[in-house]
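Asker: coordinates for the following, if possible.
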Amino acid sequence: MSKPLVIVESPTKAKTISKILGKDYEVTSSVGHIRDLPKSSKDIPESLKEKVEWNGVIIKDGFKNVHVVPTDKLKVVNDLKKKLKKASEVYLASDEDREGESIAWHLLEELSPEVPVKRMVFHEITPSAISNAIENPRDIDVNLVEAQEGRRTLDRMFGFELSKIMRVLGGNLSAGRVQSPAVKLIVEKEREREKFIKAPYFNFVLEAKTEKYKFETTIKKINEKRLAQSSDFNENGELEKGERFEINNAEVIELVKIIEEKKATVTSIDDRKYRRSPSAPFRTSTLQRSGSSNLGFSPSRTMGAAQKLYQEGYITYMRTDSIVLSDTAIKAARNYIKEKFDKEYLPEEPRVYKSKVKNTQEAHEAIRPAGEKFVSVEEVKKIFDEDSDEFKIYKLIFNQTIASQMNDAYGKTVTIEAEISFDSKKISEKNSINKIAIGTSGTIIEFQGFRVLQINRENDQQELPELSIGEEVLISSVGYEEKYTSPPSRYSDSGLIETLENLGIGRPSTYASIISRITDVYVRSEGRSLVPEPIAFAKIDILQDHFPELVEYSFTAEMEDKLDLISNGNLKREDLLNDFWFGNGKKGLKDQINEEIIKNIDPTDATTIKLFHDKEGREIVLKTGRIVGGRARPYLLRSDGETATLPEDFTIDSLTPEFVQERFDEKDKLRALERDVGVDPLSGKTIKIILGPFGPYLQLGEKEKGKRKPKQGPIFKTDNAENLTLEDALERLSLPRDLGGDKEGWEYISAVGPYGPYISRQKQREKFSKANLNDLKKEDLLKIAKEEQIKCSKSLNKGDMIEVIISETKPTEKHLNQLSKEDVVSLAKEFKIRIPFKKLENVAKPRLIEKILYQKENRSLEEDSASLTITLEEAIDKFKEPFKKKQ
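Answerer: The predicted model follows:
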């Protein structure tokens, strides 16, 4: 008997909804998109290859996107088609945003169901929400699909064209439409820090007492002028306009002598009411910011936990611009407050929040706990471990939702000021003083209100003395600290998201991926700060010098606004893309980027950041460096040709003349380590210590032109290179060690590389795995055989067909060597081989062949010495552990 088929995009989501709908419905998953733009030219259908630009767009057909089903999605599509044959109707139940609408549209286009098709949307996975979605389906929103398709085309167009420019920096660097302005923000902030000139100022702590009280206070004014503080200085280290008393270290010492043991008279007591209201429930960006500031989570980590919570039915949809709560949610929150707190915590009327974010129409509600009665934090703790990301994010969302419906916190802020007057006294040749104003203040919270649910609630309670005007207090001691003004803080994940949102760049669904992509090569995280790498400066300089509009914040925001207009049906996708590519009253991307402009960009200049001249008059520059292991390796270059390495955690503003000189001095010390260690008894060649770009290493024999590079070996971090013996050197030159193989065909080695000790395993690559082919029908196998140009008889049984396909498509070194470089590149793309930050076309043919022939995986080791002692069994066990990215 046929029954309705519900298709969602996630197996977890399918499992949760299946429990709700029961046996009367078949619930399955598409596992994300089943179609996409072609990843390489080989994926483009033959009939369209001459028409397509950017590997996926036909300009002459209204910028139509070409979609293909990737090989790894064939099984998913076949399974969906099988289930479709038994279905009475189809519910497309992907997420309700543009991405989800696009997934639903692709399913409809590819599956071409002959039964009724309905679009089912919901923003929480609860019985009532799913039931309501089933009862009230709609059609696919073509405008949302058009907006998403427009975004994909824009990003593909921008990425392909800008990548031509980025090649001058070396490697296969990205220059995304939204990522580039994000990198620009971080670079501009770093340049502000570079230019910043610090200025000294002083903080005072005075201990004052009366017969009843003892308390701390500070100096506010001297001679009726406010004491200069950090906020009074500009970025040039100069006092801004205004009457301020600036004081130096010598004057401070005199000041302390004058006021210690003096009496001050209370001149004013200001008692003001304090009141704070709760902030709105979370939308996507504020959840990401709160995850960053309260938990130290990256946006991707926050969204990963939120997605799992949504798919398992604990929270509402996590990609939303809305801060509105439904009547049901408000009722649930108010009921919880009524049950758990005293009556004064619950306002008489519900709090209503209105969104200030543009285009808040795709999602209907803020992020909140799901259901008509919220699952408590205590109950969720029983399901998710207390240390899990899911529990921490749920608690954050739960508390924010409940707090948003609670009463204000209130109390009072008391400020006490007193004055010390005396005959004029000199503290320096130019300054005399006769009056000092001191003061202290504190906030007393009389009612916590919503604050009872804040995670990091600061302690505002402060004991203040009960004094009266005219009363005298004794200054019993004076302490002071010299401080310096600080440069502008670097962006954190949270701060960058807030700035992008304020500028209108990107949308909630894109912030996590923006930060994830730029931290691949252009930016690194240090604590909670985003620090730009030198290559980020080079990238922005190229774009700013030659294509300034493309990284203008207003231009990028305008593109987002136009995509919003498409989603609302107020602009045609083709019109936006036509204007962007061909121009409309000004140059389009087509005319902005051309070979002539690219030729005029000097790679040497583009990868050079000028610093200064040293004491000897030699120019020092910073080179962005080659990209190794996914990271650029910047270094210092002196005009005499000498280079010096830099520590991984250096920053542009740390490159002072003193620091730079230290780096060159360090190299001179390391060069002194170069020596002959001894003679290898087997080869008779001399073992030398050589200074390389990553420090000293061992080399067996001399480099000879036209001959193979001499064998090299590491010097361990724990080694003292000066005392390294011949025995030590021979041991290290034995690396990499061959550990042997396992039953699955993996061969294991241990070694030490530029990034430390590791184990590696490799085995011959197969284009198709038996497990994947077993899931396909015979007609699908024949289709693959035809595409691969393999002779495969229809009369063969399925098992034999699979063996033929695996055998005939397995790459061999002999066959690969006979292919042209272009064919090898195409094959590498087919195998989805990636070499970080390099276009496959720019990789040498022998290296590509090696990548095609063998699958390779690595795992880090803790100590260099472990590479000499690890056994095969220990190595096999290491690969059973989940892969952990080295921090």
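Asker: in its sheet, what does the helix or strand of the chain with the lowest mean pLDDT sit against?
Answerer: When each helix and strand of the chain is scored by mean pLDDT, DSSP states H and E, strand 627-628 comes last, with a mean of 76. In the sheet, strand 627-628 lines up against strand 631-632 (antiparallel) (DSSP bridges).
Asker: okay, and for this protein, where does confidence drop off?
Answerer: Where the chain drops to pLDDT under 70, the residues are 357-363, 455-462, 629-630, 836-839, 883-887.
Asker: mind giving me the domain ranges of it?
Answerer: What automatic domain parsing lists as the domains of the chain is 3-34+69-140, 151-196+489-599, 200-277+410-484, 284-405, 607-671, 675-733, 737-880.
Asker: mind listing residues that contact the host helix or strand of Lys610?
Answerer: Assessed by DSSP states H and E, Lys610 sits inside strand 608-613. With contact meaning Cβ atoms under 8 Å, 6 or more residues apart in numbering, strand 608-613 is reached by 534, 537-538, 619-624, 637, 652, 655, 657, 660. For glycine as for every other residue, the C-beta is placed from the backbone atoms N, C-alpha and C.
Asker: likewise stretch 385-397?
Answerer: 282, 287, 290-291, 294-295, 297, 301-302, 304-306, 308-309, 314-315, 367-369, 377, 380-381, 384, 455.
Asker: now, of those residues, which are buried?
Answerer: 282, 287, 290-291, 294-295, 297, 301-302, 304-306, 308-309, 314-315, 367-369, 377, 380, 384 (16 or more other Cβ atoms under 10 Å).
Asker: any idea how far the longest helix belonging to the chain is from the chain center?
Answerer: In the chain, with assignment by DSSP state H, the single longest helix is helix 142-166. Put simply, helix 142-166 sits 21 Å off its chain's centre (Cα atoms, centre = their mean, to the nearest Å).
Asker: and the contacts of the helix or strand just after that helix?
Answerer: Toward the C-terminus, helix 142-166 is succeeded by helix 179-195 as the next helix or strand (DSSP H and E). Helix 179-195 is contacted from outside by 162, 235, 487-488, 490-491, 496, 499-500, 503, 505-506, 514-515, 517-518, 522-523, 530-532, 536-537, 539-540, 543-544, 550-553, 556, 651-653, using Cβ under 8 Å, 6+ apart.
Asker: just the residues contacting the helix or strand just after helix 179-195, thanks.
Answerer: Where DSSP H and E defines the elements, the next helix or strand beyond helix 179-195 is strand 200-209. Strand 200-209 is contacted by residues 214-219, 227-230, 232-233, 246-249, 252, 259, 264, 418, 438, 473-485 when judged by Cβ under 8 Å, 6+ apart.
Asker: which members of these are positioned in helices?
Answerer: Per DSSP H, the subset of these in helices is Asn249, Val252, Ile259.
Asker: what's near enough to touch the second one?
Answerer: Listed by Cβ under 8 Å, 6+ apart, the contact set of Val252 reads Phe202, Tyr480, Glu482.
Asker: and the gap between it and Glu482?
Answerer: 8 Å (Cβ to Cβ, to the nearest Å).
Asker: coming back round to it: now the buried members of the contacts of Val252.
Answerer: Using 16+ other Cβ under 10 Å, the buried ones in these are Phe202, Tyr480.
Asker: just name the closest of the contacts of Val252 to Asp72, please.
Answerer: Asp72 has its nearest neighbour among the contacts of Val252 in Glu482, at 62.6 Å by Cβ to Cβ.
Asker: hang on, the closest one packs against Ala250?
Answerer: No - between Glu482 and Ala250 there is no contact, the gap being 11.5 Å when judged by Cβ atoms under 8 Å.
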